[in-house]
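1. Need a 3D model of the following:
(chains A, B, C and D)
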Number of protein chains: 2
Amino acid sequence: MAQPLYQQIADDLCKRIESGSLGPGQQLPTELELRDTYNASRNTIRDAIKRLMSLGLVETRPGAGTYVTERIDPFVTVLTTPPVIGSPNSDFAIDDSADPEGASYLSMVGKSHRKAACSPVRVEVRPAPKSIASRLRIPSGAPVVARHQERYIDDSPWSVQTTFYPMEFVTSGLAPRLLMADDIPEGTVRYLEDALGCRQVGYRDWITARGPDSSEQQFFGIGHDCVVLELFRTGFDEGGSPMRVTVTVYPADRNQFIVNSGEVPSPSFEQDESI
Amino acid sequence: MAQPLYQQIADDLCKRIESGSLGPGQQLPTELELRDTYNASRNTIRDAIKRLMSLGLVETRPGAGTYVTERIDPFVTVLTTPPVIGSPNSDFAIDDSADPEGASYLSMVGKSHRKAACSPVRVEVRPAPKSIASRLRIPSGAPVVARHQERYIDDSPWSVQTTFYPMEFVTSGLAPRLLMADDIPEGTVRYLEDALGCRQVGYRDWITARGPDSSEQQFFGIGHDCVVLELFRTGFDEGGSPMRVTVTVYPADRNQFIVNSGEVPSPSFEQDESI
DNA sequence: GCAAATTTGTTCGTATGTATT
DNA sequence: CAATACATACGAACAAATTTG
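-> Numbers count the residues shown, from 1 in each chain, chains lettered A, B, ... in the order given. Just a heads-up that it's a prediction; the model follows:
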């Protein structure tokens, strides 16, 4: 047995999908039908379908069937401000599009003719997980302020975001609004600059990918075979010290990132036909 | 049954791992032992372990057991050239670290005290897949030159890369070396500039994530529950036309991306302690 | 609106193959 | 070689969600 049977079946179905013989939105034969056509057990068919799901080729709807995925129009997040061609970018603008509180997020999505929405902000004080502590350069477990928000595009859940701030920002009494579960209309970056004199002059994005945990599965309505992108954005002040860390989780099936370097043309016309 | 049994078991094991009661590198109880402790069937235990694998928490070794993953020291790819603090970046350098043929890749990895290696280049002429054709702005299925290479760090497979060039580059007779399965020591970007007068002035990186296909599973030695990051780098010439597309596939368990914007401190000291 | 049929989801049991120790 | 442990595959039963009549 060169390849496991379930893999052979998955490869065959894959070919049938990519060749167009099974088109987007079309229902696959049911598990019982596939069981007969491939002379395999239903469990083996299910293993094959799991493979297709993890490749994002099909989705299953309990009680209804298995369908070739209609590609969701993915939302593209640009992680760099595209420099205007011909102009020097020494005056590099910091377009902090992953800033929570949503102001820039809402306008950014709005520009692409899609409807954006955000949940109310949830605020918490809790011990910093290791990944946050190391980025904020504080001891693991030290208390931090966490501001959490869910985001929607066209009424479907699109990303979840938590921003962590050092506890001193509020214990010093200078930035009390960080603890309020209200929007900070001017944006937290601006607020912290006014309240603390702490200006964010740059940020670093750290991108990883992994499977979703169970709460993410629930919120995004995805199976455990799907994939999420995780973006850690660490903001730095003029002294080069980290002043906040924003963790955003994006389901990979509806989100992509773009990074531009040097002179690149506007991508607008490419977005629709991509993939 | 609020949660499926396999999910409950996965959550419990997850807690035991995150709390440190099961430390990195440590072997989990065998499937048969877990079957007894949780009073579930072996299949259910296996479903739970699959969840942990997709979260990257454990890895299974046939015949040996299931082990809590020792975090691989991830290799971090910086997608932007970090601007030197204090200097204007109007003279933005295009550090094309994802260039194939490996010259810059080898030196970049070498700098981090790790051993880099590349497979020989494999060259092919084949019809452009849709995702490539749309980026090169050519019809889907039109022939393209594909140069393929595998990359290793510290002797383990790290990424696979294929670069696609428009067929005219060779049919015009101007850049015949694109078809040779040899290294192009000065780098293809430089070679194309000399041969065609076609200078790459910028590139766009397009980042997505998905499950691995079967050849990727084999090459990287990962299960289908793991995740790969896929980076499409489109290089543009002075006229704003795409001149090449490089697709690089990175297993997410050993690769991360960084994007810097504005002024950020050097990340060197953070790399070791991250995550 | 309701009941039946259909379809996927979960769980069990069992057997055999393959890789490692 | 033998024992151990995970991988694959089969069959069966019931639950849960959806569609259909």
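2. For the stretch 101-250 of chain A, what lies in contact range of chain B?
-> Proximity of the stretch 101-250 of chain A to chain B (C-beta under 8 Å from any C-beta of the partner chain) is limited to residues A:130-131, A:134-135, A:200-211, A:213-214, A:224-225, A:227-229, A:234, A:236, A:238, A:240. For every residue, glycine as well, the C-beta is placed using N, CA and C.
3. how about the residue of chain A found nearest DNA strand D, phi and psi?
-> The nearest approach of chain A to DNA strand D comes at A:G63, 2.3 Å away (C-beta to the nearest atom of the strand). Backbone torsions of A:G63, given as degrees, to the nearest 10, read phi 80, psi -20.
4. ditto for the one 4 residues further on
-> Comment: the main-chain dihedrals of A:Y67 come out as phi -130, psi 150, following degrees, to the nearest 10.
5. Leaving out sequence neighbours, find the closest residue to it.
-> Nearest non-adjacent residue to A:Y67, counting by C-beta to C-beta, 6 or more residues apart in numbering or on different chains: A:Q27, 5.3 Å away.
6. where along chain A do the helices fall?
-> For chain A, the helices defined by DSSP state H occupy A:5-18, A:31-38, A:42-54, A:103-111, A:130-136, A:168-171, A:188-196, A:214-220, A:268-273.
7. For the ones you listed, which has the smallest mean pLDDT value?
-> Mean pLDDT values for the helices of chain A show the minimum at helix A:268-273, a mean of 41.
8. picking that back up, just the ones of the residues of the stretch 101-250 of chain A next to chain B in strands?
-> Using DSSP state E, the subset of those located in strands is A:200-210, A:228-229, A:234, A:236.
9. out of the residues you listed, which one sits closest to chain B?
-> Nearest to chain B among those is A:G202, at 2.8 Å by C-beta to the nearest C-beta.
10. Buried only: go through the residues of the stretch 101-250 of chain A next to chain B for me.
-> Buried members of these, scored by 16 or more other C-beta atoms under 10 Å in any protein chain shown, are A:131, A:134-135, A:200-211, A:213-214, A:224-225, A:227-229, A:234, A:236.
11. Among those residues, which ones lie close to DNA strand C?
-> Among those, none lies close to DNA strand C by the criterion of C-beta under 7 Å from any atom of the strand.
12. Can you lay out the helices of chain A as a markdown table showing distance to A:Q256?
-> Listed next are the helices of chain A as a markdown table, based on distance: least, C-beta to C-beta, whole Å:
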| stretch | distance to A:Q256 |
| --- | --- |
| helix A:5-18 | 20 |
| helix A:31-38 | 32 |
| helix A:42-54 | 18 |
| helix A:103-111 | 14 |
| helix A:130-136 | 23 |
| helix A:168-171 | 33 |
| helix A:188-196 | 25 |
| helix A:214-220 | 16 |
| helix A:268-273 | 9 |
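13. where does the nearest residue to A:I222 once chain neighbours are set aside land on pLDDT?
-> Using C-beta to C-beta, 6+ apart and skipping the chain neighbours, the partner closest in space to A:I222 is A:P251 (5.6 Å). On pLDDT, A:P251 comes in at 90.
14. list the contacts for A:P251?
-> Contacts for A:P251 (C-beta atoms under 8 Å, 6 or more residues apart in numbering or on different chains) come out as A:158-159, A:212, A:216, A:220, A:222, A:226-229.
15. Show me the beta-bridge partners of it.
-> Assessed by DSSP bridges, A:P251 has beta-bridge partners A:V228.
16. Domain map for chain A?
-> Domain ranges of chain A: A:5-68, A:75-261, per automatic domain parsing.
17. quick one, which of those domains is packed in tightest?
-> Sort the domains of chain A by mean neighbour count, taking mean count of other C-beta atoms under 10 Å in any protein chain shown, and domain A:75-261 sits at the top with a mean of 18.
18. Would you mind measuring the gap between the ends of it?
-> Across its full length, domain A:75-261 reaches 20 Å between end residues, using C-alpha to C-alpha, to the nearest Å.
19. what separates it from the chain centre, distance-wise?
-> Offset of domain A:75-261 from its chain centre (C-alpha atoms, centre = their mean, to the nearest Å): 11 Å.
20. That domain near DNA strand D at all?
-> No: residues of domain A:75-261 contacting DNA strand D under C-beta under 7 Å from any atom of the strand: none, with a closest distance of 10.5 Å.
21. Next one: the residue lying closest to A:E124 once chain neighbours are set aside from B:A181, what distance?
-> Once flanking residues are discounted, A:E124 sits nearest to A:A146: 4.6 Å by C-beta to C-beta, 6+ apart. Relative to B:A181, A:A146 is positioned 53 Å away (C-beta to C-beta, to the nearest Å).
22. Over to A:Q7?
-> From A:Q7 across to B:A181, the span is 30 Å (C-beta to C-beta).
23. what ranges do the strands span in the stretch 51-200 of chain A?
-> Secondary structure of the stretch 51-200 of chain A (DSSP state E, counting those that start in this stretch): strands located at A:58-61, A:65-68, A:75-78, A:116-118, A:122-127, A:143-153, A:156-166, A:200-210.
24. Adding mean pLDDT, write the ones you listed out as CSV.
-> Below are the strands of the stretch 51-200 of chain A laid out as CSV (pLDDT from 0 to 100):
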stretch, mean pLDDT
strand A:58-61, 92
strand A:65-68, 94
strand A:75-78, 86
strand A:116-118, 83
strand A:122-127, 94
strand A:143-153, 92
strand A:156-166, 92
strand A:200-210, 89
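25. Figure out which of these is closest to B:A40.
-> Among the strands of the stretch 51-200 of chain A, the nearest to B:A40 by C-beta to C-beta is strand A:58-61 (23.4 Å).
26. and that closest one, what other elements does it pack with?
-> Helices and strands touching strand A:58-61, by 3 or more C-beta pairs under 8 Å, 6 or more residues apart in numbering or on different chains; DSSP states H and E, are helix A:42-54, strand A:65-68.
27. quick one on the thing from earlier: reformat the strands of the stretch 51-200 of chain A as a markdown table; add distance to B:R190.
-> Shown next, in a markdown table, are the strands of the stretch 51-200 of chain A (distance: least, C-beta to C-beta, whole Å):
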| stretch | distance to B:R190 |
| --- | --- |
| strand A:58-61 | 44 |
| strand A:65-68 | 43 |
| strand A:75-78 | 28 |
| strand A:116-118 | 43 |
| strand A:122-127 | 51 |
| strand A:143-153 | 42 |
| strand A:156-166 | 39 |
| strand A:200-210 | 28 |
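28. Just give the closest residue to A:L13, not the sequence neighbours.
-> Nearest residue to A:L13 in three dimensions, chain neighbours excluded: A:L52, at 6.1 Å (C-beta to C-beta, 6+ apart).
29. residue contacts, that neighbour?
-> Counting by C-beta under 8 Å, 6+ apart, A:L52 has contacts A:10, A:13-14, A:17, A:58.
30. when you check DNA strand D, which of these turn up near it?
-> Subset of the contacts of A:L52 in contact with DNA strand D: empty, counting by C-beta under 7 Å from any atom of the strand.
31. Name the nearest of these relative to DNA strand C.
-> Using C-beta to the nearest atom of the strand, A:V58 comes nearest to DNA strand C of those, at 9.5 Å.
32. Is it correct that the closest one is in contact with A:T66?
-> Yes: checked against C-beta atoms under 8 Å, the pair A:V58 and A:T66 is within contact range at 5.4 Å.
33. which residues are in contact with both of these two?
-> Residues touching both A:V58 and A:T66 by C-beta under 8 Å, 6+ apart: A:28, A:49.
34. Show me what the closest residue to A:T30 other than its chain neighbours is bridged to.
-> Closest residue to A:T30 apart from its sequence neighbours, by C-beta to C-beta, 6+ apart: A:G65 at 6.2 Å. Beta bridges link A:G65 to A:R61, judged by DSSP bridges.
35. Next, the contact list for A:G65, please.
-> The contact partners of A:G65, taken as C-beta under 8 Å, 6+ apart, are A:27-28, A:30.
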